[in-house]
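1. What follows is a protein structure lacking sequence information:
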């Protein structure tokens, strides 16, 4: 029998590229996200800034910078300070190497629902930027939430994501930014939950999870070929 391995993941993490981020907007802050993730024993994280891929791009840029700095400083073998810095950078790289880091977006559709769109890390970042621009977001609105009206409804987003190697999750299903609460009843909510593009929902507590599962099992309009995954993520 093939061994099954469990992976610990947090699929909803923000960086200073989200305007609501309350921490420092420095290189160390980005790197702290990575080192904190490995300290918590995570195997997979998704960087999901509001309507933006800029945080993920910055994180990858810092990773490349560290690799270049290690290469440069390693040649300064007569400098204890340089060697100490190399050791620090190698520790950070160990954290990077332990993690699968997914590029993602917390995308707000035009009725205020927030959806996590998680892309294959091999996806060209220019393609993700095109996805955002097609959806109505640009440099002026990257990182913002609320008040920016997307070009897309939830069903438009479902259709568009079929063109990409990605998965879609309901970011806050039982809040006023999620499917369960925002679409309070009727066919629209049923179609939003049953659409094959939606792969999972993030929820707050087990009672709410039970309410959602009861709803999904109560009506044939909610039926799915692939069951929804139920997830808890930090929204850190």
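-> Good, I have the coordinates. These figures come from a predicted structure and were not determined experimentally. Numbers count the residues shown, from 1 in each chain.

2. all strands of the chain, in order?
-> With DSSP state E as the criterion, the chain has strands at 9-13, 44-50, 100-108, 114-119, 166-170, 198-202, 229-231.

3. for the ones you listed, which one sits closest to residue 67?
-> strand 100-108 (14.8 Å; CB to CB). For the C-beta atoms, the positions are set from N, CA and C on the backbone; glycine is no exception.

4. Pull out the buried residues from the closest one.
-> Judged by neighbour count using 16 or more other CB atoms under 10 Å, the buried positions of strand 100-108 are 101-108.

5. Save the residues you listed as a markdown table, and put in pLDDT too.
-> Shown next, in a markdown table, are the buried residues of strand 100-108 (pLDDT from 0 to 100):
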| residue | pLDDT |
| --- | --- |
| 101 | 98 |
| 102 | 98 |
| 103 | 98 |
| 104 | 98 |
| 105 | 98 |
| 106 | 98 |
| 107 | 98 |
| 108 | 97 |
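
6. thinking again about what came up before, export the strands of the chain to TSV and tack on distance to residue 138?
-> Output for the strands of the chain, formatted as TSV (distance: least, CB to CB, whole Å):
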stretch	distance to residue 138
strand 9-13	23
strand 44-50	13
strand 100-108	14
strand 114-119	17
strand 166-170	20
strand 198-202	26
strand 229-231	30
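
7. closest to residue 159 out of the ones you listed?
-> Once those are compared by CB to CB, strand 166-170 is nearest, at 11.0 Å.

8. In the lengthiest helix in the chain, which residues are buried?
-> Counting residues, the longest helix in the chain under DSSP state H turns out to be helix 54-74. Residues 54-60, 62-63, 66, 70, 73 are the ones in helix 54-74 that count as buried (16+ other CB under 10 Å).

9. for stretch 117-130, same thing?
-> Buried-residue list, stretch 117-130, by 16+ other CB under 10 Å: 117-119, 123, 128-129.

10. now stretch 21-33
-> 21, 30-31, 33.

11. Identify the bridge partners of the residue nearest to the spatial centre of the chain.
-> In the chain, the centroid-proximal residue (CA atoms, centre = their mean) is residue 48; its distance is 3.2 Å. For residue 48, the beta-bridge partners are residue 104 (DSSP bridges).

12. right, and residue 96 touches residue 34 too?
-> Yes. At 5.9 Å, residue 96 counts as touching residue 34 under the criterion of CB atoms under 8 Å.

13. So if I had to pick from these two, which one is more boxed in?
-> residue 34 (23 against 19; other CB atoms under 10 Å).

14. In this structure the more buried one contacts residue 92, no?
-> Yes. Between residue 34 and residue 92 a contact is recorded at 6.9 Å, counting by CB under 8 Å.

15. Residue 198 bridge partners, please.
-> Here residue 198, judged by DSSP bridges, has bridge partners residue 168.

16. wait, what's in contact with it?
-> Going by CB atoms under 8 Å, 6 or more residues apart in numbering, residue 198 touches 158, 168-170, 192, 228.

17. The residue of the chain positioned farthest from its centre and residue 89: what is the separation?
-> Distance from the C-alpha centroid of the chain, by CA atoms, centre = their mean, peaks at residue 78 (42.8 Å). For residue 78, the distance to residue 89 (CB to CB, to the nearest Å) stands at 18 Å.

18. likewise residue 32?
-> Taking CB to CB, one finds residue 32 at 14 Å from residue 89.
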